[in-house]
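Colleague: next comes the sequence, and after it the predicted model I'd like to discuss.
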Amino acid sequence: MYHSDSSFSLIQFDGDEVEERIDEGDCVGRLTDESSITRLTNRGFIASAPKFHPCPSNKEWKSKYQYLRYNRTWKSDDVIIDSMTNHVTGGWSHKNKNHAIGGNSSLSSSSLWISTSSDFQWLIWEIVRRLVKLRRDKVETHLIQKCEHISRNYKGLKPIHVDPSPHIEDKVIEHNHYPFQTVYDVASNFVRASSEILFYGRIFDKNIIESTVWTKWDTGFQLPDYCYIPRKYWNYRNPWFDRLVWDTNDSSSEAKFKMERRRIQLENSRR
């Protein structure tokens with residue numbers, strides 16, 4: 001397992017296995033790069049909100065926050081939903097503070113949440129977008145256990161995660177009389193596209209299964225075959241993303257359509 005003062009772990013899974021674990025709902029993926037506010041530390045990921053700095057001790061987490069895992073009312077609170085909305089739209093970032101609900105620039109770089117995705121194909125598309133469009137030197141991927149079905153009797157640390165989609169969608173419906181696109185519409189569109197899962201406060205180090213590094217010339221793990229064009233068309237002198245079945249200018253939906261089409265082609269050819 002990766003820590004900030006050590007090297008990345010040996011790769012445990014290839015792309016097919018990572019996709020399977022994510023599709024089964026056992027895991028989610030998180031991406032970080034040099035611009036990320038919430039980076040991996042030796043205690044896992046810690047949300048940027050001041051209440052989580054210094055990082056709560058394990059005892060403090062259990063006494064002050066862990067009960068929220070089972071609190072459905074809390075997840076539907078307007079303030080909490082607005083904090084989710086600001087997070088997924090980038091409204092809490094100084095780069096996009098105009099998106100913040102109410103134009104609240106005091107949000108600065110503070111957020112209660114840590115972003116992950118439950119969509120393997122979107123994660124791969126986003127890695128490419130960051131390397132190509134945003135010109136990141138590297139992108140780090142982190143495979144994280146959701147721990148969805150931990151018994152209430154379990155005494156250890158439990159993560160708190162939320163699917164923000166239904167909560168933000170309620171706000172979209174509530175504001176559908178507006179003649180213009182609201183911040184809730186923007187948030188809802190992004191959450192649906194990325195299959196966003198938000199972790200509250202912390203992602204514990206023990207739940208990070210592996211971390212890998214992607215660069216222009218190297219993939220963090222072996223991608224499924226359906227991500228690539230036929231090998232006979234590969235130019236090994238070019239970056240790996242030039243071999244993909246989608247164009248780097250494609251939207252995530254276009255890329256996923258082409259991946260699925262290629263998957264079907266491969267399945268048919270093996271019959």
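Modeller: Noted; the coordinates are in hand.

Colleague: and the strands in the stretch 151-271 of the chain?
Modeller: Secondary structure of the stretch 151-271 of the chain by DSSP state E, counting those that start in this stretch: the strands cover 161-162, 196-200, 202-204, 208-214.

Colleague: show me what the first one is packed against.
Modeller: Contact analysis of strand 161-162 by 3 or more C-beta pairs under 8 Å, 6 or more residues apart in numbering; DSSP states H and E lists strand 196-200 as its packing neighbours. For every residue, glycine as well, the C-beta is placed using N, CA and C.

Colleague: quick check: which helices or strands does the strand it packs on pack against?
Modeller: For strand 196-200, the elements it packs on are helix 78-89, strand 113-117, strand 161-162, judged by 3+ C-beta pairs under 8 Å, 6+ apart.

Colleague: who touches it?
Modeller: Residues outside strand 196-200 that contact it (C-beta atoms under 8 Å, 6 or more residues apart in numbering) are 28, 45, 47, 65, 68, 84, 87-88, 112-118, 146, 159-165, 190.

Colleague: need the buried ones from those residues selected in PyMOL.
Modeller: Remark: buried members of the contacts of strand 196-200, expressed as a PyMOL selection using 16 or more other C-beta atoms under 10 Å:
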select buried, resi 28+45+47+65+84+87+88+112+113+114+115+116+117+118+146+159+160+161+162+164+165+190
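
Colleague: beta partners for the residue nearest the centre of the chain?
Modeller: The centroid of the chain falls nearest to Thr116 when counting by C-alpha atoms, centre = their mean (2.3 Å). With DSSP bridges as the criterion, Thr116 is bridged to Ile197.

Colleague: enumerate every residue touching it.
Modeller: Val28, Gly29, Arg30, Ile144, His161, Glu196, Ile197, Leu198, Phe199, Ile203.
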